[in-house]
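[1] need a structure here:
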Amino acid sequence: MDPRTEDSLIRNLPQAFINKKGEPILIAALDEKRCEKLIEMYLAYQPRNSFQGLPPIKDDVCERWVQSMINTGINLVALSFGEGVVGHAALFPIDNNVCEFLVVVSPPLQNTGIGTELTRCAIQLACEIGFETIRLSVEARNVRARRVYRKCGFEYVSRSASGELDMALDLRRQRDLLSVPVSAIMTTNVTAISEEQSCRTALKVFLETGVAALPVIDSERRLMGILSKSDLMLPSAIDKSVGDVFTRETLTAQENWPLRRIIRTLQSKRVRCLPVVDAQMRLVGVIGRRDILTYYQKHLLEKADSAKPG
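    Model prediction:
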């Protein structure tokens with residue numbers, strides 16, 4: 001593992017998500033314990049030689065190829081609890097600023113979202129350790145892969161004589177945007193509720209405000225959990241107190257987290273928003289997809305205004 005990854009989010013906090021088959025998948029940095037499993041994934045890959053001449057057909061050549069990636073690349077793996085290593089992404093440094101990218105998913109689990117998550121995690125890792133550009137080549141006929149790369153921000157650069165398309169992602173354009181702290185863009189005017197209040201009161205708040213969930217707080221605004229509309233779906237819940245039905249275990253965000261971490265959490269956990277807390281677990285705001293898009297729009301408008309001739 002490249003020493004620059006030691007303090008990265010991916011290195012210290014593996015990403016978990018549910019794929020399109022409803023299966024839990026963990027994305028983590030490759031370590032020595034998983035190298036053999038990664039080799040096994042490629043040896044089991046069928047058909048061999050199926051993308052840009054890879055994986056190599058002969059087992060010994062294939063093993064040497066995988067070992068070379070382990071030795072020279074910054075590697076991430078996707079782990080299935082039942083299948084072991086089911087995906088692989090690697091960044092290959094060209095110099096301190098530029099790296100090449102490869103992502104491969106085991107055929108039985110292709111088109112389940114693993115490739116997209118691996119690509120997003122690799123982009124985050126490249127951004128965190130200081131690369132400015134990620135490059136890749138993809139076969140023109142590989143429409144699914146091209147769609148994933150475009151979705152993750154890659155742009156077409158050129159077409160080679162062999163029919164492969166060169167793509168690149170400029171990380172400099174998004175590094176500043178994604179480094180802003182949550183506290184700068186979150187919504188601070190948050191509607192919350194206490195666990196002593198009735199579910200009838202909560203129902204009225206839901207209908208009047210249109211919010212999807214209510215943070216549940218104590219007298220010192222410490223976050224206790226979340227009350228969602230689904231908690232009130234059964235008629236028997238309406239006559240209870242909030243404390244009887246709300247969800248105590250909930251995802252939260254810290255106010256000093258960079259935006260990139262929020263985006264990864266929203267994407268991997270498939271949630272729309274997160275309550276934001278301070279070091280004492282006091283509720284200080286909420287961050288959601290709308291807040292992020294509003295921030296992007298404001299940034300783009302400011303950029304457009306500054307580009308206008310005076």
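[2] Listing partners with orientation, what would you give for the longest strand along the chain?
    Within the chain, and with DSSP state E defining each element, the longest strand by residue count is strand 84-93. Strands flanking strand 84-93 in the sheet, each with its direction: strand 74-80 (antiparallel), strand 98-105 (antiparallel) (DSSP bridges).
[3] can I get the CA coordinates of the first one in PDB?
    Listed in PDB are the C-alpha atoms of strand 74-80, where the atom choice follows Å, rounded to 0.1, in the frame of the first residue of the first chain:
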ATOM      1  CA  ILE A  74      -2.700   1.400  -4.800                       C
ATOM      2  CA  ASN A  75      -5.400  -1.300  -4.500                       C
ATOM      3  CA  LEU A  76      -8.900  -1.500  -3.200                       C
ATOM      4  CA  VAL A  77     -11.000  -4.600  -3.100                       C
ATOM      5  CA  ALA A  78     -14.800  -5.300  -2.800                       C
ATOM      6  CA  LEU A  79     -15.600  -8.000  -0.300                       C
ATOM      7  CA  SER A  80     -18.700 -10.200  -0.200                       C
END
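[4] what's the average pLDDT for it?
    This predicted structure assigns strand 74-80 an average pLDDT of 95.
[5] Show me how far it is from its chain's centre.
    Computed by CA atoms, centre = their mean, to the nearest Å, the chain-centroid distance of strand 74-80 equals 14 Å.
[6] residues in contact with that strand?
    Judged by CB atoms under 8 Å, 6 or more residues apart in numbering, the contacts made with strand 74-80 from elsewhere in the structure are 1-2, 5, 10, 23-30, 34, 37-38, 69, 85-93, 99, 105, 109, 114, 117-118, 121-122, 125, 129. Placement of C-beta: from N, CA and C, glycine included.
[7] cool, stretch 165-176 as well?
    With CB under 8 Å, 6+ apart as the test, stretch 165-176 has contacts from 123, 126-127, 131-140, 146, 149, 152-160.
[8] how about 7 Å then?
    Contacts to stretch 165-176, defined as CB atoms under 7 Å, 6 or more residues apart in numbering, come from residues 123, 126-127, 131-138, 140, 146, 149, 153-160.
[9] How about stretch 258-266?
    When contacts are defined by CB under 7 Å, 6+ apart, stretch 258-266 is touched by residues 9, 15, 120, 124, 127, 178-182, 251, 253, 274, 287, 289, 292.
[10] and that stretch, how far from the chain's centre?
    From the chain centre to the centre of stretch 258-266 is a distance of 7 Å (CA atoms, centre = their mean).
[11] mind listing what's buried in that stretch?
    Neighbour-count burial for stretch 258-266 flags L259, R260, R261, I262, I263, R264, T265, L266 (criterion: 16 or more other CB atoms under 10 Å).
[12] Could you measure from L178 over to L76?
    18 Å (CB to CB, to the nearest Å).
[13] More neighbours: the two, which one.
    It is L76, of L178 and L76, that has more neighbours when counted by other CB atoms under 10 Å, with 27 against 18.
[14] Beta-bridge partners for the closest residue to that one other than its chain neighbours, please?
    What sits nearest to L76 in space, not counting adjacent residues and going by CB to CB, 6 or more residues apart in numbering, is A89, at 4.6 Å. Applying DSSP bridges to A89 gives these bridge partners: L76, V103.
[15] mind checking how far A89 is from V284?
    For A89, the distance to V284 equals 35 Å [CB to CB].
[16] Comparing the two, which shows the higher neighbour count?
    A side-by-side neighbour count of A89 and V284, using other CB under 10 Å, places A89 first with 27 against 19.
[17] Quick test: name the residue nearest the centre of the protein.
    In the chain, the residue lying closest to the centroid (CA atoms, centre = their mean) is R264, at 3.0 Å.
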